[in-house]
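Fold the following, please.
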Amino acid sequence: MENILHYVWKFRLYTNDMQTTDGLPIEVIDPGIHNTDAGPDFFNAKVKINGELWAGNIEIHSASSDWVKHKHHTDKAYNSVVLHVVEKANDKIYNEEKRLVPQCELKYPQHIKDNFAFLEHANTDIPCHNFVSSMSPIHITSWMSYLLFERLERKTKHIFSLLERFNNSWEDVFFVLLTRNFGFGLNSDSFERLALSFPFKCIQKQGDNIKQIEAILFGQAGMLNETANPDAYFLELQKEYNFLRTKYTLTPLDAFIFKKLRSRPTAFPQIRIAQLAALLYTSQGLFSKIISCEDVGRIRLMFHVNASEYWQTHYTFGIASEKKSKYLGDASLDILLINTVAPMLFAYGKTMNNEALCERSIRFLETIKPEQNVITKRFGSLNFPLTNAADSQSIIQLKREYCELKKCLHCRIGHKLLTTR
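Below you'll find the predicted structure:
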């Protein structure tokens, strides 16, 4: 219940006849800044009580008794509270200085209560799905533009945490993010563990030898420990890896962490690793090339790699198959551009205060086809625009960060619904 009280207070949706429990008139000059951390709920508010201006903090509870229940009466941090806002005033309250704290019961329209109850208890993954079609397209488009920036900012935070881990080495961070995204969802976490299991400099030093790159990647993935049908190529990579493992003091992962369940053979982790190895071999210094390239088509060509010769006739070690090229498909290329190239450009642009790079990352997303998955199809059926990857990224952000977390009060669509009579 406190969530709706915060919401009503923040957006001034209460009725105009506000007064303290003692009957003194209240005029809200400034509701304050919403605080989502420890301490009072709203900082730096300004209210007039009986004509006298008070500046300080606001605390909000369902009932007055929550003040003592949460031990605010013994906490000096709440001595600055100038007004206690509640749904039901059931007791007088005092701060740590033994001073009586003014209170008011928050009154707001019934339709807001009803709409909030509907959103809270709706038995569907998108509670507002029947309401969306009545919204202005401009309102939806504006919200989606904000969501895109929010998603890029979220990804930037992850990139910055990796930068801190790798002493601001953008090449190392790019390698980790790229490798993770070669897991294509099913194996993303496993592929990230693979990238973090050894220094990227091992690849850089062996960068002119595709077999040694494959040996490091397959070896660290635990796929060279044993096989039911070891062939000459497997044994060659195994020999290379044993040498490099000693040289760089490497410890392999367990192969069982890489999943094949319900994957097409072309999406087996062995094929993905072979494609990654080919990309690292053919495009050394890839991050620098991407930063300097303004044409997403040229970047796409850099990523359009075929696995090495052995993998043209294999999907796994030791079992030959009909010869078939193992190029990255268009959908896979799009995923790598969306989840690796665009976020890295955006993060690098923010770090270097280069607005042009941030804008380029968004422009790239606007030229890439939208992702096709359960989330985008669901929102597409609700007439959300879905013309490019910028749209699909916005929709994924909306679903994961708002709908799934029941954060309707923080969503512009939810806000519109709540205030609709």
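
need the longest strand for this structure.
With DSSP state E applied, the strand covering the greatest number of residues in the chain is identified as strand 52-63.

Can you pull out the residues in contact with that one?
1-2, 5-6, 9, 29, 31-32, 39-48, 67, 70, 72, 78, 80-90, 106 (CB atoms under 8 Å, 6 or more residues apart in numbering). The way it works is simple: take the backbone N, C-alpha and C, and place the C-beta from them, glycine included.

Show me what the mean pLDDT comes to for the next helix or strand along the chain from it.
Where DSSP states H and E defines the elements, the next helix or strand beyond strand 52-63 is helix 66-69. The predicted model gives helix 66-69 an average pLDDT of 96.

which parts of helix 66-69 are buried?
For helix 66-69, burial by neighbour count (16 or more other CB atoms under 10 Å) applies to Asp66, Trp67.

quick check, distance from that helix to the centre of its chain.
Relative to the chain's own centre, helix 66-69 is displaced by 35 Å; criterion: CA atoms, centre = their mean, to the nearest Å.

what ranges do the helices span in the stretch 101-250 of the chain?
Listed in chain order, the helices found in the stretch 101-250 of the chain under DSSP state H, counting those that start in this stretch are 110-121, 129-132, 137-165, 170-181, 188-196, 201-205, 210-220, 232-248.

Show me what the last one is packed up against.
Spelled out, that is helix 232-248. Helices and strands in packing contact with helix 232-248 are listed as helix 210-220; criterion 3 or more CB pairs under 8 Å, 6 or more residues apart in numbering; DSSP states H and E.

Flag every buried residue along the helix it packs on.
For helix 210-220, the buried set under the neighbour-count rule, 16+ other CB under 10 Å, comprises Ile210, Lys211, Gln212, Ile213, Glu214, Ala215, Ile216, Leu217, Phe218, Gly219, Gln220.

I would like the residues contacting it, please.
Outside helix 210-220, the residues touching it (CB under 8 Å, 6+ apart) are 194, 197-198, 202-203, 206-207, 224, 236-238, 240-242, 244-245, 250, 252-253, 270, 273-274, 276-278, 280-281, 308.

Let me know which of the helices of the stretch 101-250 of the chain is tucked in deepest.
Burial of the helices of the stretch 101-250 of the chain is given as mean neighbour count (mean count of other CB atoms under 10 Å); helix 210-220 ranks first at a mean of 24.

residues touching the most centrally placed residue in the chain, list them.
Most central residue of the chain, judged by C-alpha distance to the mean C-alpha position with CA atoms, centre = their mean, is Arg154 at 4.8 Å. Arg154 is in contact with Gln397, Glu401, counting by CB under 8 Å, 6+ apart.

any idea how far it lies from Glu355?
When CB to CB, to the nearest Å is applied, the distance between Arg154 and Glu355 equals 19 Å.

Next: Pro252.
Counting by CB to CB, the separation of Pro252 from Glu355 is 43 Å.

For the two, indicate the residue with more neighbours.
The residue with the greater number of neighbours, taking Pro252 and Glu355 and applying other CB atoms under 10 Å, is Pro252; the counts read 18 against 10.

any idea what sits nearest the more buried one, other than its immediate chain neighbours?
Excluding the flanking residues, the one nearest Pro252 by CB to CB, 6 or more residues apart in numbering is Gly222, at 4.7 Å.

Likewise for Ile140?
Here the residue nearest Ile140, using CB to CB, 6+ apart, is Phe384, at 6.5 Å.

and the one you found, what does it touch?
Contacts of Phe384 were listed using CB under 8 Å, 6+ apart, and they are Val132, Ile140, Met144, Asp391, Ile395.

Just the pLDDT at the first one, thanks.
Per-residue confidence at Val132 stands at 85 (pLDDT).

any idea how far stretch 240-251 is from the chain center?
On CA atoms, centre = their mean, the centre of stretch 240-251 falls 35 Å from that of its chain.

Pull the residues that contact that stretch.
Residues contacting stretch 240-251 (CB under 8 Å, 6+ apart): 197-199, 202, 206, 211-212, 215-216, 218-220, 224, 252.

Same list (those) but as CSV, adding distance to Lys323.
Written out in CSV, the entries for the contacts of stretch 240-251 read as follows (distance: CB to CB, whole Å):
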residue, distance to Lys323
Ser197, 32
Phe198, 32
Pro199, 35
Cys202, 31
Gln206, 27
Lys211, 20
Gln212, 25
Ala215, 23
Ile216, 26
Phe218, 21
Gly219, 26
Gln220, 28
Leu224, 24
Pro252, 30
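
Need the worst-confidence member of those.
For the contacts of stretch 240-251, the minimum pLDDT belongs to Gln206; the value there is 89.

what about that residue, distance to Glu2?
Counting by CB to CB, the gap from Gln206 to Glu2 is 58 Å.

Check Ala77 too.
Noted for Ala77: a distance of 18 Å to Glu2, by CB to CB.

Going by neighbour count, list what's buried in stretch 81-90.
Within stretch 81-90, the residues that qualify as buried are Val81, Val82, Leu83, His84, Val85, Val86, Glu87, Ala89, counting by 16+ other CB under 10 Å.

Can you report phi and psi for the second one?
Listed backbone geometry of Val82 is phi -100, psi -10, with angles given as degrees, to the nearest 10.

List the residues that contact it.
Counting by CB under 8 Å, 6+ apart, Val82 touches Ala45, Val47, Ile49, Trp54, Ala55, Gly56, Asn57, Ile58, Pro102.

Run the chain-centre distance for stretch 43-56.
Between the mean C-alpha point of stretch 43-56 and the mean C-alpha point of its chain there is a distance of 38 Å (CA atoms, centre = their mean).

just checking, what packs against the lowest-mean-pLDDT helix or strand in the chain?
Counting by mean pLDDT, DSSP states H and E, the chain has its least confident helix or strand at helix 129-132, which shows a mean of 86. With contacts defined as 3+ CB pairs under 8 Å, 6+ apart, the secondary structure elements packing on helix 129-132 are helix 412-418.
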